[in-house]
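**Student:** Give the three-dimensional model of this entry:
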Amino acid sequence: MKRATLLGLTLFLASGCIPFTRGPSTPEDRMVCDRLAAQAIAAVDLGEARRLAEQASDCYDRLRG
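**Tutor:** This next block holds a predicted model:
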């Protein structure tokens, strides 16, 4: 039993040394949202601007989690 506990503890502590990534980092995610917001501001068509602004808003909401 002690051996299993020691092995489990060792594996748990060692797992902290391995970088686990979930995909793009938060700055990269925010860049996507910022790009959508910039496109909304630059859009000439009001409908397109609203659609892009809504997408940007949804994107920022997802970042906040």
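
**Student:** In the helix or strand hosting residue 55, which residues are buried?
**Tutor:** Per DSSP states H and E, residue 55 falls inside helix 46-64. Within helix 46-64, the residues that count as buried by 16 or more other Cβ atoms under 10 Å are 52, 53, 55, 56, 59. For every residue, glycine as well, the C-beta is placed using N, CA and C.

**Student:** for it, packing partners?
**Tutor:** In terms of contacts (3 or more Cβ pairs under 8 Å, 6 or more residues apart in numbering; DSSP states H and E), helix 46-64 is packed against helix 26-42.

**Student:** Run through this structure and note the low-pLDDT ranges.
**Tutor:** Along the chain, segments meeting pLDDT under 70 span 1-25.

**Student:** just to revisit the earlier point, right, and out of the buried residues of helix 46-64, which lies closest to residue 45?
**Tutor:** residue 52 (9.8 Å; Cβ to Cβ).

**Student:** Provide a list of residues in contact with that closest one.
**Tutor:** 36, 37, 39, 40, 43 (Cβ atoms under 8 Å, 6 or more residues apart in numbering).

**Student:** any chance of those residues in CSV, with distance to residue 30 too?
**Tutor:** CSV is the format used below for the contacts of residue 52 (distance: Cβ to Cβ, whole Å):
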residue, distance to residue 30
36, 11
37, 10
39, 15
40, 15
43, 20
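
**Student:** so how far is residue 56 from residue 47?
**Tutor:** Per Cβ to Cβ, to the nearest Å, residue 47 is found 15 Å from residue 56.

**Student:** just residue 42 next, same as before
**Tutor:** 12 Å.

**Student:** okay, now residue 36: neighbour count?
**Tutor:** 20 (other Cβ atoms under 10 Å).

**Student:** show me what contacts the residue lying closest to it once chain neighbours are set aside?
**Tutor:** With Cβ to Cβ, 6 or more residues apart in numbering as the criterion, residue 36 has its nearest non-adjacent residue at 3.8 Å, and that residue is residue 56. Contacts for residue 56 were tallied using Cβ under 8 Å, 6+ apart; they are 33, 34, 36, 37, 40.

**Student:** switch to 7 Å and redo it
**Tutor:** Counting by Cβ atoms under 7 Å, 6 or more residues apart in numbering, residue 56 touches 33, 36, 37, 40.
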